[in-house]
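Undergrad: Okay, predicted coordinates and the sequence, questions at the end:
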Protein chains: 2
Amino acid sequence: MLIGVDWGTTRLRAYLVGDDGAVLESTESSAGLMSVPAGGFERVLAETVGAWRARTAAPILMSGMVGSRQGWREAPYVATPANLKALADGLMPVEAPSLGDVAIVPGVAVGIDGGAWADVMRGEEVEIFGALDTLGRTGGTFVLPGTHSKWVTVEDGAITDFRTYMTGELFGALKDHTILSKMMGKGRDEAAFAKGLDAADGLDRPGDLLTRFFSIRAEGLMGRLGEDEAGDFLSGLLIGAEVKSACAGVATAIIVGATDLGARYRRAFERFGVEPVAAPHESAAIGLTLIQRERAGI
Amino acid sequence: MLIGVDWGTTRLRAYLVGDDGAVLESTESSAGLMSVPAGGFERVLAETVGAWRARTAAPILMSGMVGSRQGWREAPYVATPANLKALADGLMPVEAPSLGDVAIVPGVAVGIDGGAWADVMRGEEVEIFGALDTLGRTGGTFVLPGTHSKWVTVEDGAITDFRTYMTGELFGALKDHTILSKMMGKGRDEAAFAKGLDAADGLDRPGDLLTRFFSIRAEGLMGRLGEDEAGDFLSGLLIGAEVKSACAGVATAIIVGATDLGARYRRAFERFGVEPVAAPHESAAIGLTLIQRERAGI
């Protein structure tokens, strides 16, 4: 048995996991890091998993931003290449007298000792190892769509490289805090999303994106793009640019997280000739189980 | 004589211009469109130029967003190619009994009848014709740095094409409304700006920009980029991406507007091997004088 916790900035998910990795019970709340008062981590965790703790002394493993500098206790990043053993070796115990054995899974970093690229993840590494195991793979290209989309390369059971695209967050900033906010209606228009993908394909240099944004405004003024289309067009433009950038030389990519956004990424994959593979839903619980087994030497 | 007015969203500039195009007096205020109450345009203009009107019956020509749908009266865009005659032919008179002859210069649009690209300008066209005349040119590539940077191609005395880069506005949205806001110190660091230019040069595909943004955050977490550097690095990354995109195949470009931002564009030009030419400061007043002469058939 294991109590697994995926504790992010805005959400808290917890799982009671059987010895075979199956999720027996789960709970989710908005008790993310941002809502936890100073010194309140143990109390919030006890409220979340206390009922399970009464039934089992199983260890509690946590992943996500809970291990960041702003979290409960900082669990220093493990450098790439990072495999399950490296994550288990890097587990950071936390003091939680009322809850017993509690530890935080470290994040993974690229470029921590210098080098051309710098990137970090916390939480996604666990989902990736879960998906890898369920799919019976030892490698591949993984994408976790979201506010900060992660594209992760896995080789021989280790995370060797990754890139975070600020696509979702940039979409929000453009939609709410630029001149484009004047034309962001509430429509849901898949044809406009497809037009945005086409527009992304038509770009050539990196800076072209900066002028394509303004062109959306001009098309709106001219009546060439409606208020109900502009938001989905922008979404297609950004996701298209991301997928085209991340998938250069990639034939197949595994989408982790079966969200609405995942459906849009599958459409972008189709547009740019990449074969999508779907990863199972509860990858985090499985990943935490694998780290616990590695830790226990099972 | 001419009373010239450059009336934008946030600023109002007015010039009393001699017959030779020289600025005799000028005034500037924050009475931009956004601060003008409904029905208040004539009153605000009278407050601004009333003292000059008492001395001369010269026509008042206005350019900028005052001619937009949200302005005093909409002056429909002139399509490219747009020369001085097209702007003079498109002048839109406004009713201002207390002020006499008042007209608005139309903006210029690309793609108003369809086509691959759509873009619009209001006000910049006047500055460009002013700069063109002062420099004794009939063509060239012009850049007007700003919240919305304009890159404009002029051939045989006509604006034939242009692109607006949302560089400045995107910088503000990223700085204030994304995860990068956590590391935007107040430093002014020209070395960090230069590093940003280098980073822009290192990008390959359009979507690469979306991941380079997040990498700034990761470099901050790792101590590879300081809080005092991050803002200027981001500025260099964005301006570098813009200049590299806009200057493909361009050897010389004319910078209109001698601002602090203009100095940064000159540094980007140097980095990407483009020769900068400086345009004079009062290009708008000269441009308005040229349109008035064209209108009067002088």
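TA: Thanks, I have the structure now.

Undergrad: Surely A:P206 forms part of a strand?
TA: No. Per DSSP: H, G, I helix; E, B strand; the rest coil, A:P206 lies outside any strand segment and is coil.

Undergrad: Now do the same contact list for it.
TA: B:A200, B:L203, B:D204, B:R205, B:P206, B:D208, B:L209, B:A241, B:K244, B:S245 (C-beta atoms under 8 Å, 6 or more residues apart in numbering or on different chains). Every C-beta, even on glycine, is put in place using the N, C-alpha and C of the backbone.

Undergrad: how near is it to B:G21?
TA: Counting by C-beta to C-beta, to the nearest Å, the separation of A:P206 from B:G21 is 40 Å.

Undergrad: Check A:P81 too.
TA: From A:P81 to B:G21 the distance is 67 Å (C-beta to C-beta).

Undergrad: Could you dump the contacts of A:P206 into CSV with pLDDT added?
TA: What follows is these, written out as CSV (pLDDT from 0 to 100):
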residue, pLDDT
B:A200, 98
B:L203, 96
B:D204, 94
B:R205, 95
B:P206, 94
B:D208, 97
B:L209, 97
B:A241, 98
B:K244, 96
B:S245, 96
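
Undergrad: quick one: which of the residues you listed is most hemmed in?
TA: B:A241 (29 neighbours; other C-beta atoms under 10 Å in any protein chain shown).

Undergrad: Mind giving me the packing neighbours of the helix or strand harbouring it?
TA: Assigned by DSSP states H and E, B:A241 falls within helix B:227-246. Packing partners of helix B:227-246 (3 or more C-beta pairs under 8 Å, 6 or more residues apart in numbering or on different chains; DSSP states H and E): helix A:208-221, strand B:158-165, helix B:167-177, helix B:190-201, helix B:208-221, helix B:260-271.

Undergrad: I'd like the distance from the third one to the chain centre, please.
TA: The chain centre lies 17 Å from the centre of helix B:167-177; the measure is C-alpha atoms, centre = their mean, to the nearest Å.

Undergrad: just the shortest one next, same as before
TA: Here the centre of strand B:158-165 is set off from its chain's centre by 12 Å, with C-alpha atoms, centre = their mean.

Undergrad: what do you get for the first one?
TA: Relative to the chain's own centre, helix A:208-221 is displaced by 29 Å; criterion: C-alpha atoms, centre = their mean.

Undergrad: just checking, what packs against it?
TA: helix A:227-246, strand B:119-121, strand B:158-165, helix B:167-177, helix B:227-246.

Undergrad: How about the shortest one?
TA: Taking 3+ C-beta pairs under 8 Å, 6+ apart as the contact definition, the neighbouring helices and strands of strand B:158-165 are helix A:208-221, strand B:82-83, strand B:108-110, strand B:119-121, strand B:149-155, helix B:227-246.

Undergrad: Is it possible to get JSON lines of these that adds distance to A:R267?
TA: Putting the helices and strands packed on strand B:158-165 into JSON lines (distance: least, C-beta to C-beta, whole Å) gives the following:
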{"stretch": "helix A:208-221", "distance to A:R267": "19"}
{"stretch": "strand B:82-83", "distance to A:R267": "39"}
{"stretch": "strand B:108-110", "distance to A:R267": "29"}
{"stretch": "strand B:119-121", "distance to A:R267": "28"}
{"stretch": "strand B:149-155", "distance to A:R267": "32"}
{"stretch": "helix B:227-246", "distance to A:R267": "27"}
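
Undergrad: And those: which comes nearest A:M34?
TA: helix B:227-246 (20.9 Å; C-beta to C-beta).

Undergrad: For the stretch 1-150 of chain A, just list every one of the helices.
TA: A:41-53, A:84-89, A:124-134 (DSSP state H, counting those that start in this stretch).

Undergrad: what residues does the shortest one touch?
TA: Taking C-beta under 8 Å, 6+ apart as the criterion, the residues outside helix A:84-89 that touch it are A:78, A:105-106, A:108, A:125-126, A:129, A:157-158, A:290-291, A:294-295.

Undergrad: and of the residues you listed, the nearest to B:G139?
TA: A:V108 (53.4 Å).

Undergrad: which regions of chain A lie under the pLDDT threshold?
TA: A:258 (pLDDT under 70).

Undergrad: Roughly how far does the residue sitting furthest away from the middle of it sit from A:M183?
TA: Ranked by distance from the centre of chain A (C-alpha atoms, centre = their mean), the top residue is A:M222, with 37.8 Å. From A:M222 across to A:M183, the span is 12 Å (C-beta to C-beta).

Undergrad: Can you name the residues of the stretch 51-200 of chain A sitting close to chain B?
TA: Within reach of chain B by C-beta under 8 Å from any C-beta of the partner chain, the stretch 51-200 of chain A has these residues: A:69, A:109-112, A:114, A:116-120, A:148, A:151, A:163-167, A:169-170, A:172-174, A:176-179, A:200.

Undergrad: at 7 Å instead, please
TA: A:111-112, A:117-120, A:148, A:163-167, A:169-170, A:173-174, A:177-179, A:200 (C-beta under 7 Å from any C-beta of the partner chain).

Undergrad: Restricted to buried residues, select those in ChimeraX.
TA: Entered in ChimeraX, the line below selects the buried ones among these, by 16 or more other C-beta atoms under 10 Å in any protein chain shown:
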select /A:111,112,118,119,120,148,163,164,165,166,167,169,170,173,174,177,178,179,200
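
Undergrad: Any residue of whichever strand or helix holds A:I254 touching chain B?
TA: Assigned by DSSP H and E, A:I254 belongs to strand A:252-255. No. Residues of strand A:252-255 contacting chain B under C-beta under 7 Å from any C-beta: none, with a closest distance of 14.2 Å.

Undergrad: If you count contacts, what does that strand end up packed against?
TA: strand A:140-144, helix A:260-271, strand A:275-278 (3 or more C-beta pairs under 7 Å, 6 or more residues apart in numbering or on different chains; DSSP states H and E).
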